[in-house]
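1. have a look at this prediction, sequence included:
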Amino acid sequence: MSNKSSAVSISVVRRLPRYYRFLSELLKDGKTRISSRELSDMMQLTASQIRQDLNCFGGFGQQGYGYNVKDLHEEIANILGLNKIQNCILIGVGNLGEAIANHIDFEKRGFKLVGAFDINPELIGTKIGGVVIRHSDEIEEFCKDDPPKIAVLCIPKESAQAIAERLVALGIKGFWNFSHFDLTLSYDDIVVENVHLSDSLMTLCYRVNEIFK
Ligand code: NAI
């Protein structure tokens with residue numbers, strides 16, 4: 001599977017969490033089996049698209065049976081690597097950082113929050129998401145022996161690139177970056193997910209305006 005998955009396009013990878021989410025709902029509803037037709041109706045993808053996506057990882061359906069919900073859910077969890085928990089740290093515990101630490105269930109998504117950092121003296125020493133907030137000056141010391149793999153950036157955009165470079169030097173491999181600044185880290189082994197909620201809002205704006213044209 002690893003050889004196949006290394007060639008998988010990012011658009012397929014971006015659909016996997018959605019498969020996982022729908023399958024989680026089906027499992028919750030006690031559904032054990034789903035036809036490719038039902039799954040495609042539910043997800044508003046063609047059955048052929050679903051087949052093509054899943055074939056990138058070996059294909060999991062059976063002709064005339066469809067998909068076993070539990071098995072497919074497990075397979076997708078394995079493909080996403082949700083069971084290999086990676087340590088992550090949060091940088092910036094303001095409004096957004098606090099919301100993320102309190103509302104994202106990291107461990108269900110393959111991560112464990114092990115540290116949080118800020119520069120606001122009022123926050124240092126308080127707790128968030130089960131971890132103590134430390135001063136950013138302590139990041140090097142914290143990462144020295146066992147660097148976490150992932151950093152969640154919820155800092156102002158002016159500081160984002162410099163902090164990211166600092167974290168790369170400490171061994172961080174992936175960034176979930178909310179800082180409204182598209183990080184440029186030209187290393188082959190560094191992965192960045194820039195997240196802009198407002199992009200989605202503006203897409204909605206365009207689509208709603210199209211309706212009323
Ligand atoms: P905030 O001002 O409430 O929090 C920012 C926190 O970062 C503060 O606690 C501050 O002390 C800390 N900070 C500043 N420099 C730091 C450094 N070098 N190291 C560690 N901590 C540092 O701001 P808020 O609302 O939480 O937003 C944070 C960032 O996320 C901003 O850049 C904002 O524009 C962005 N944002 C992005 C969204 C998205 O969809 N990507 C949505 C909302 C906000």
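-> Noted; the coordinates are in hand. Residues are numbered from 1 along each chain as shown.

2. hey, let's count contacts and neighbours off CA atoms from now on
-> Will do.

3. now the lengthiest strand in the chain, how far from the centre of its chain.
-> Under DSSP state E, the strand in the chain containing the largest number of residues is strand 111-118. The chain centroid and the centroid of strand 111-118 are separated by 15 Å under C-alpha atoms, centre = their mean, to the nearest Å.

4. quick one: is it near the ligand?
-> Yes: Strand 111-118 lies in contact with the ligand when judged by C-alpha under 6 Å from any ligand atom; the contacting residues are 117-118.

5. parallel or antiparallel, list what pairs with that strand.
-> Here strand 111-118 is paired, per DSSP bridges, with strand 86-91 (parallel), strand 131-135 (parallel).

6. write out the residues of this protein neighbouring the ligand.
-> With C-alpha under 6 Å from any ligand atom as the criterion, the chain comes near the ligand at residues 91-97, 117-120, 136, 154-157, 159, 178-180, 195-198.

7. residues near the closest residue to Ile76 other than its chain neighbours, how many?
-> With C-alpha to C-alpha, 6 or more residues apart in numbering as the measure, Tyr20 is the residue that lies nearest to Ile76, at 6.3 Å, once sequence neighbours are left out. A count of neighbours around Tyr20, defined by other C-alpha atoms under 10 Å, yields 18.

8. as a check, name the ranges of all helices in this structure.
-> Listed in chain order, the helices of the chain (DSSP state H) span 2-6, 10-28, 36-43, 47-55, 69-80, 95-103, 139-143, 157-169, 197-211.

9. now these in JSON lines, with distance to Leu113 and mean pLDDT?
-> Shown next, in JSON lines, are those (distance: least, C-alpha to C-alpha, whole Å; pLDDT from 0 to 100):
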{"stretch": "helix 2-6", "distance to Leu113": "27", "mean pLDDT": "46"}
{"stretch": "helix 10-28", "distance to Leu113": "20", "mean pLDDT": "95"}
{"stretch": "helix 36-43", "distance to Leu113": "31", "mean pLDDT": "91"}
{"stretch": "helix 47-55", "distance to Leu113": "30", "mean pLDDT": "90"}
{"stretch": "helix 69-80", "distance to Leu113": "18", "mean pLDDT": "95"}
{"stretch": "helix 95-103", "distance to Leu113": "8", "mean pLDDT": "97"}
{"stretch": "helix 139-143", "distance to Leu113": "13", "mean pLDDT": "97"}
{"stretch": "helix 157-169", "distance to Leu113": "16", "mean pLDDT": "96"}
{"stretch": "helix 197-211", "distance to Leu113": "22", "mean pLDDT": "94"}
